[in-house]
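**Q** Return a 3D structure for these sequence lines:
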Amino acid sequence: TNTSSALDLSFEIQRALADFNQNAASRPLQIPQSPVTQPPETILLTGATGFLGSQILRHLLELPHIKRVITLVRAPDHNKATTRVIESAQKSKWWHDSYSSRLEVWVGDLSKPGLGLNAAQWCCIEARSESSSSIDAIIHNGATVHWGYDYQGLEAVNVTSTVSLLASLTRSPRPPRFTFISGGQLFFGADDNHDEVRAFAQMMKTAGGYAQTKYVADQVVKQFARRYTTSIATIVKPGLIVGTTDSGVSNTDDFLWRVVASVVDIGAFNSTGLDGLILVSGSHQVATAILADVLHPRPHGHSVETSIRYGIPVGELWDMLRDDFGYQLEAVDAAEWLVRLRTHVETNGEKHRLWPVFHLLEATGGCLGVPMPAHLRQDEHNDEVKASLRRSIAYLREVGYLSSANTANGGSSLLLQKDLVFARAGGIIRT
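**A** Next comes the predicted model:
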């Protein structure tokens with residue numbers, strides 16, 4: 001269960017910064033006064049076996065000027081680690097054997113001290129003189145996602161690993177640029193508006209453990225960026241992520257799809273808040289934004305964080321399911337909708353897709369979207385978001401996650417070929 005209520009996040013941030021200070025170089029190295037600006041050719045990527053990480057890897061390997069992508073993968077040995085990366089790419093339907101020559105796999109573990117890497121690998125990361133090769137950029141995308149874990153259960157992978165990589169930059173004569181892939185709640189305020197920042201921090205005290213770990217790691221990255229002007233450290237923060245427009249391959253454990261499948265099963269959606277924006281993007285859109293950040297970093301003085309605020313109104317998603325896919329869906333008020341869902345969840349028990357996340361839906365009063373000020377919307381991406389959603393829904397029907405329109409309203413059984421889709425093992429995604 002989630003026991004992260006009213007966590008003292010200020011204390012956790014200070015504890016993470018103290019950990020950083022303990023591991024950072026005690027005195028500054030004699031390094032250039034401005035970061036290296038040439039395009040990176042060798043990139044270290046964590047989380048490459050996950051849903052988003054596989055798309056980031058794809059985009060990197062599709063660029064001919066990228067000479068080498070090193071992936072840090074949790075596995076018993078090198079062969080099994082390599083197999084994990086390739087199988088994830090095959091699930092996403094993009095792998096070509098020709099990519100193997102530019103892919104290097106390191107066996108590691110983000111939950112372990114030193115990320116489970118050996119001294120030679122750390123020499124490579126830190127570009128020390130005894131290393132024959134060096135890394136130009138780090139994309140730290142790896143994380144553990146679990147709906148029920150509290151902050152402490154997720155801290156090692158989601159916070160401590162970030163601290164370890166940032167500390168390594170202080171020991172490098174040629175520090176690689178660093179891009180942290182965040183998650184959890186998006187902040188819609190201004191970084192220089194202290195009231196908005198405080199209100200968001202207060203809200204995060206009672207958020208889920210995953211969102212809290214990402215929030216703390218964000219603050220550490222921002223502190224690092226302010227303190228060290230010789231390194232480029234940035235944050236990219238997406239919302240919900242669905243499949244690409246070409247394959248539609250989706251993460252079947254995603255919160256959005258759990259709700260969509262349940263709406264299809266009971267034949268009803270929440271008629272309240274239909275104008276709210278679902279913050280959602282195709283995985284290729286997110287990977288494109290991440291690569292733009294890595295390959296064309298903003299100069300110092302610009303905001304460290306890039307929030308991806310693509311999305312569509314909630315009502316348009318339900319219209320899509322009715323008009324494009326033929327589902328018979330009834331609009332009911334929020335209270336009635338939640339009652340119907342709760343009954344459906346309780347009838348089916350732990351096997352119900354909403355079982356681990358129903359409390360999150362109840363906490364919002366059944367609202368999927370958020371009110372979004374016009375000046376913050378990124379509407380130029382709407383058509384591609386809709387195309388990604390349509391292709392993702394089609395994919396989820398193909399693999400049996402969503403019932404076809406003529407069998408809906410009865411609560412379809414989940415007949416998935418688990419080896420062919422992205423899904424948690426035992427409720428956990430660790431990448």
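
**Q** So, low pLDDT: which residues of the stretch 301-431 of the chain?
**A** Applying pLDDT under 70 to the stretch 301-431 of the chain picks out residues 301-302, 406-431.

**Q** which SSE is residue 133 in?
**A** Assigning secondary structure by DSSP states H and E places residue 133 outside every helix and strand.

**Q** OK, contacts around it?
**A** Going by C-beta atoms under 8 Å, 6 or more residues apart in numbering, residue 133 touches 42, 124. Quick note: C-beta positions are derived from backbone N, CA and C, even for glycine.

**Q** if I look at it, how far off is residue 101?
**A** Residue 133 sits 15 Å away from residue 101, going by C-beta to C-beta, to the nearest Å.

**Q** How about residue 246?
**A** Remark: distance between residue 246 and residue 101 (C-beta to C-beta) = 24 Å.

**Q** higher neighbour count, these two?
**A** residue 246 (14 against 9; other C-beta atoms under 10 Å).

**Q** Give me the three-state assignment for the more buried one.
**A** In the three-state summary, residue 246 is assigned as coil, counting by DSSP: H, G, I helix; E, B strand; the rest coil.

**Q** cool, and residue 337?
**A** Of the three states, residue 337 takes helix under three-state DSSP.

**Q** Identify the bridge partners of the closest residue to it other than its chain neighbours.
**A** Nearest non-adjacent residue to residue 337, counting by C-beta to C-beta, 6 or more residues apart in numbering: residue 270, 4.4 Å away. Per DSSP bridges, the residues bridged to residue 270 are residue 332.

**Q** Confirm for me that residue 270 is in contact with residue 367.
**A** Yes: counting by C-beta atoms under 8 Å, residue 270 does reach residue 367; the two are 7.1 Å apart.

**Q** shared neighbours of those two, which are they?
**A** Counting by C-beta under 8 Å, 6+ apart, the residues touching both residue 270 and residue 367 are 314, 334.

**Q** The two: which is more packed in?
**A** Neighbours were counted for residue 270 and for residue 367 using other C-beta under 10 Å; residue 270 has more, 26 against 17.

**Q** could you pull out the strands for the stretch 251-400 of the chain?
**A** Listed in chain order, the strands of the stretch 251-400 of the chain (DSSP state E, counting those that start in this stretch) span 268-270, 277-282, 305-307, 311-313, 330-332.

**Q** Pipe these into a markdown table and attach distance to residue 238 per row.
**A** Output for the strands of the stretch 251-400 of the chain, formatted as a markdown table (distance: least, C-beta to C-beta, whole Å):
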| stretch | distance to residue 238 |
| --- | --- |
| strand 268-270 | 24 |
| strand 277-282 | 6 |
| strand 305-307 | 8 |
| strand 311-313 | 11 |
| strand 330-332 | 29 |
